[in-house]
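>>> my questions are about this predicted structure, shown below with the sequence.
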Amino acid sequence: MTRLTTTADPADLRAPAATRRRRADGARDGFGAAFVLMLPAIALYALFSLTPILLTIWISFTNSGGFNTEANFVGFDNYLRATEDPIIWPSLGRTFLWLFYHVVLAGGLGLALALAIGRLSRTRVFFRTAFFLPHLVSLAVVGVIWANIYDPFYGLINTALTQWGLAGWAKGWLSDPLLVLFSVNVASSWQGFGLYMLLFIAGLQNIDGTLYEAAEIDGANALQKLWNVTLPGLSEVMTFVLSLAMINGLKGFATVFVMTNGGPFYASEIITTYIYRLAFQAQDHGLAAVLCILMSVLAITITVAFNRWRARKSS
Amino acid sequence: MSRRKPAEWPMVALLLPVFAIILGPFLWLVTSSLKTEAEIGRGDPFALPKQLMWQNYADAWNIGGFGSLIGNSLINVAGVVVLTLIVCAPAGYALAKIRFAGREWTFYAFIFGLTIPIQAIIIPLYQVLFNLGLINSMAGVVLAQVANGIPFGLFLMRSFFLGVPNELSEAARIDGANHFQILTRVFLPLSQPAISALLIISALSTWNDFFLPLVVLISPGNQTLPLGLVRFASTYSTDFRLVFSGTVITFLPVIILYILTQRRFTEGLTQGALKG
C-alpha cells in the first residue's frame, strides 16, 4: 500500500512518542533506503530490459539495415511492409497452431499424468520423478535428440516401424510440409509437459479431502468425482498452466531452429525463428522490430487476459 | 488420510506403456551411443550392442571439447545464480517491507518485464551488449540473463518477504539495525525455501538457455553446453555414434543431479513456479 508518509497517521498520534519518532524516521529514510537496495536491480533492468524495449519501438520506425549502421526515421514504412510480407502472416498462423499443439499435447499430457499419478501412493514418487526427466534437457538438446529420432533412415521411429512390419507408416517426419510443425512440436511438448504435471500434482494436493468423502457418501462414482470435485478443484491451476503453456509456446524457438531451421520452404517458420532470420541474417532490423512488437503485444495480451480471468473467477 | 484407496496395480499397469514411450528416447540414445557405427547403420533400434563401445564417449569428449563446454556452462550458471540472489533479494525486501512513495508503481514497472519475451528485444539488446564490449563474452550473457530474470526473482522474493511478520523487522529496528542488516540477519536466514526455489529455477533455466548464448557467444571456445552440442551435432551429423554419445554426455549430469536431489528440487520448482 502506498501512503503519503509525511501526513500524520491517526494511529501515530495515539502512539507513544518513541514509536512516533521511529515511524517518522522510517518514513524519512524509506525512499533512500529502498532506492539503495533496489539500485542493482534497477540498473540491470533499465540497461538490459527497459532500454531495449524502448529501442525496439524506435527501430520499428527506422530503416536500420544492420548493427552499427546509420538509421533514419521512416514513419510507418516497416509496418506497411509487414502487411505485405509474404512470410509474416503464415508464420503468425503457424505460431498460433504451434501454441495450440503445445497446450493440447504438453498441457493435456501433464494433466492426464497428474490425475493418473495423483491416486498412487507407493509408486507416485517414482513415476513423478521419471516423467519429469525430459524437462531437465535443454530444448536445443531436445532438438538434437528428436532430429535423430525422426531421421528417415536411422531414426528410432522409422526403424522401429520397419522392425514391426509397418514400413508403410514410415514417414519423412521433418521433410513433409504438412507434418513438420507437428513433429517438432511433439519434441518441444515432450520436454515441456513435466513442469505442467508437477503444477497439476501440487493443485491436486490442495483439494480438500473431505469433498471426496462427501461425494462418496452421496454415492458418486470415480468419473463423477473427477468431474464434480477434481476438475473444479484444479481450475485455478488449470488457468495458470494454460497461460504458462501459451507463453512458453509463443517463445518456442530452439527446437525449430535446431531441427528444421524453419524449413522445408518455411513450413515450420514461426514468429521467433523469423525474427532471428530477419535480425541476424537478413539484417532487416526495421521489419524485425515490427515483428518483435507484434510478439510483445501477443504476450501482453495473453498475460493480461488470464490475469483478468483469474481475478474474475476468484472474486 | 483415512480415505480408502483402490488397489494400485491397475493404474501402474496402465502407466507402464506410457513410461516406455516417454523414456524410450533416453534408452534408445544410451544403447545406440554404445554401438559401433555399423551396428547403428543396421537400423535395428531394439538390438543391443555386441560390445559396449565406451570409446565413443572418449572420442566425443575429445572431439567435441565437452570439458570446456561444461566448464563454460558451470561458470554461466554460477554467475547468474549468485548475481540473481544478490540483486533480487534486496530489491524484493525493499518492495515488500519498506514504505515509500511510488512503491506500487516501481513494482509494476518491474513486473512489466515478466511479460516481454527475450526474443522481442534481442536487436537492441545485442546493440547494447556490443556497445559495452560484451559480445562474445560470458559476462555479457550473464548480465543479460540476470536482467531477464529480475522480474521473476524479485516477484518471488517479494511475495515470500510479504509473508514474514512485520514484528520481526520492527524489533530489529528498535535495536538499531538498518534495512540492510535486517535483510541479511533476519530475513535471509528465514528465506531458505524462497532462496532454494529461486536458485533451482534460475540454475536450470540458465543451464538450458539457448537463445541468448546463440546470439552473444560467437567463438566456439566461449560457448555453453547446449550451443556446443548443436554445433557438434551438425558438424558430425553423419557420425551417429559421436552425436549420440555427445548428447548423452550433455544431459546425463543434470539427470543424475536431479535424481539425487529429487524431493527438494521438485518442491522448489513447484513452489517457485506457483508463486511467480
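Yep, that arrived. Numbering: from 1, shown residues only, chains lettered A, B, ... in the order given.
>>> just the helices in the stretch 1-150 of chain A please.
Per DSSP state H, counting those that start in this stretch, the stretch 1-150 of chain A carries helices over the ranges A:10-14, A:17-45, A:51-59, A:77-84, A:88-102, A:108-118, A:124-132, A:139-149.
>>> from these, which stretch is densest packed?
Burial of the helices of the stretch 1-150 of chain A is given as mean neighbour count (mean count of other CB atoms under 10 Å in any protein chain shown); helix A:139-149 ranks first at a mean of 27. The way it works is simple: take the backbone N, C-alpha and C, and place the C-beta from them, glycine included.
>>> export the helix or strand just after that helix as CSV, just CAs?
Next in sequence after helix A:139-149, counting helices and strands by DSSP states H and E, comes helix A:156-163. Provided in CSV are the C-alpha atoms of helix A:156-163 (Å, rounded to 0.1, in the frame of the first residue of the first chain):
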residue,chain,number,x,y,z
LEU,A,156,14.1,-44.6,-33.8
ILE,A,157,10.6,-44.1,-35.2
ASN,A,158,11.1,-45.3,-38.8
THR,A,159,13.5,-48.2,-37.9
ALA,A,160,11.0,-49.4,-35.1
LEU,A,161,8.1,-49.2,-37.6
THR,A,162,10.1,-51.2,-40.1
GLN,A,163,11.0,-53.8,-37.4
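>>> quick check: buried residues in helix A:156-163?
A:L156, A:I157, A:N158, A:T159, A:A160, A:L161, A:T162 (16 or more other CB atoms under 10 Å in any protein chain shown).
>>> cool, stretch A:239-257 as well?
Those would be A:239-257, for stretch A:239-257 by 16+ other CB under 10 Å.
>>> over to stretch B:20-31?
Neighbour counts using 16+ other CB under 10 Å place B:I22, B:P25, B:F26, B:W28, B:L29, B:T31 of stretch B:20-31 among the buried residues.
>>> also stretch B:198-217?
So, applying 16+ other CB under 10 Å, buried residues of stretch B:198-217: B:198-217.
>>> got it, and stretch A:278-285?
A:L278, A:A279, A:F280, A:D284, A:H285.
>>> so what's residue 251 closest to, chain neighbours aside?
Assuming you mean chain A. Nearest residue to A:K251, sequence neighbours excluded (CB to CB, 6 or more residues apart in numbering or on different chains): B:P117, at 4.9 Å.
>>> please refer instead to chain B.
A:V137 (4.8 Å).
>>> circling back to that earlier point, I'd say the residue nearest to A:K251 and A:I300 touch.
No: using CB atoms under 8 Å, B:P117 is not in contact with A:I300; the gap is 10.2 Å.
>>> and those two? which has more neighbours close in?
Legend: neighbour count by other CB atoms under 10 Å in any protein chain shown for B:P117 and A:I300, higher for B:P117 (22 against 13).
>>> give me the three-state assignment for the residue nearest the centre of chain A.
By CA atoms, centre = their mean, the mean C-alpha position of chain A lies nearest to A:N248, the distance being 2.0 Å. Following DSSP: H, G, I helix; E, B strand; the rest coil, A:N248 is assigned to helix.
>>> tell me the contacts of the nearest residue to it once chain neighbours are set aside?
Leaving out its chain neighbours, the residue that sits closest to A:N248 by CB to CB, 6+ apart is A:G192, at 6.2 Å. Applying CB atoms under 8 Å, 6 or more residues apart in numbering or on different chains, one finds that A:G192 lies in contact with A:H102, A:A106, A:H135, A:A245, A:N248.
>>> pLDDT score assigned to residue 90?
Picking chain A for this. pLDDT for A:P90: 95.
>>> think we crossed wires, I meant chain B
96.
>>> quick one: it from B:I256, how far?
The gap separating B:P90 from B:I256 is 34 Å, by CB to CB, to the nearest Å.
>>> more neighbours: which of the two?
B:P90 (26 against 10).
>>> same list, the helices of the stretch 1-150 of chain A, but as TSV with distance to chain B please.
What follows is the helices of the stretch 1-150 of chain A, written out as TSV (distance: least, CB to the nearest CB, whole Å):
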stretch	distance to chain B
helix A:10-14	13
helix A:17-45	4
helix A:51-59	3
helix A:77-84	12
helix A:88-102	12
helix A:108-118	6
helix A:124-132	5
helix A:139-149	4
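>>> of the ones you listed, which approaches B:I182 most closely?
If you check each of the helices of the stretch 1-150 of chain A against B:I182 by CB to CB, helix A:17-45 wins as the nearest, at 10.0 Å.
>>> rewinding a little: just put the buried residues of helix A:156-163 in TSV and tack on pLDDT.
Formatted as TSV, the buried residues of helix A:156-163 follow (pLDDT from 0 to 100):
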residue	pLDDT
A:L156	93
A:I157	94
A:N158	94
A:T159	92
A:A160	93
A:L161	94
A:T162	91
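>>> keep only those of these that are also close to chain B.
For chain B, the contacts drawn from the buried residues of helix A:156-163 by CB under 8 Å from any CB of the partner chain are A:L156, A:T159, A:A160, A:T162.
>>> what's the local residue count around the nearest residue to the last one once chain neighbours are set aside?
Which is A:T162. Closest residue to A:T162 apart from its sequence neighbours, by CB to CB, 6+ apart: A:A170 at 6.3 Å. For A:A170, the tally of surrounding residues (other CB under 10 Å) stands at 16.
>>> check A:S175 too.
Neighbour count for A:S175, taken as other CB under 10 Å: 15.
>>> ok, now A:W227?
By other CB under 10 Å, 12 other residues sit near A:W227.
>>> sorry, back to before: what about the buried residues of stretch A:239-257, which are in helices?
Of the positions in the buried residues of stretch A:239-257, A:239-251, A:254-257 sit in helices, assigned by DSSP state H.
>>> contacts only, for A:A170.
A:P152, A:I157, A:N158, A:L161, A:T162.
>>> same thing but 7 Å
Counting by CB atoms under 7 Å, 6 or more residues apart in numbering or on different chains, A:A170 makes contact with A:N158, A:L161, A:T162.
>>> likewise B:L242?
Contacts of B:L242 (CB under 7 Å, 6+ apart): B:N56, B:D59, B:A60, B:I63, B:Y236.
>>> which of these fall in helices?
Among these, the ones falling in helices (DSSP H) are B:N56, B:D59, B:A60, B:I63.
>>> gap between the last one and chain A?
Relative to chain A, B:I63 is positioned 15 Å away (CB to the nearest CB, to the nearest Å).
>>> and for that residue, the neighbour number?
Around B:I63 there are 14 residues (other CB under 10 Å).
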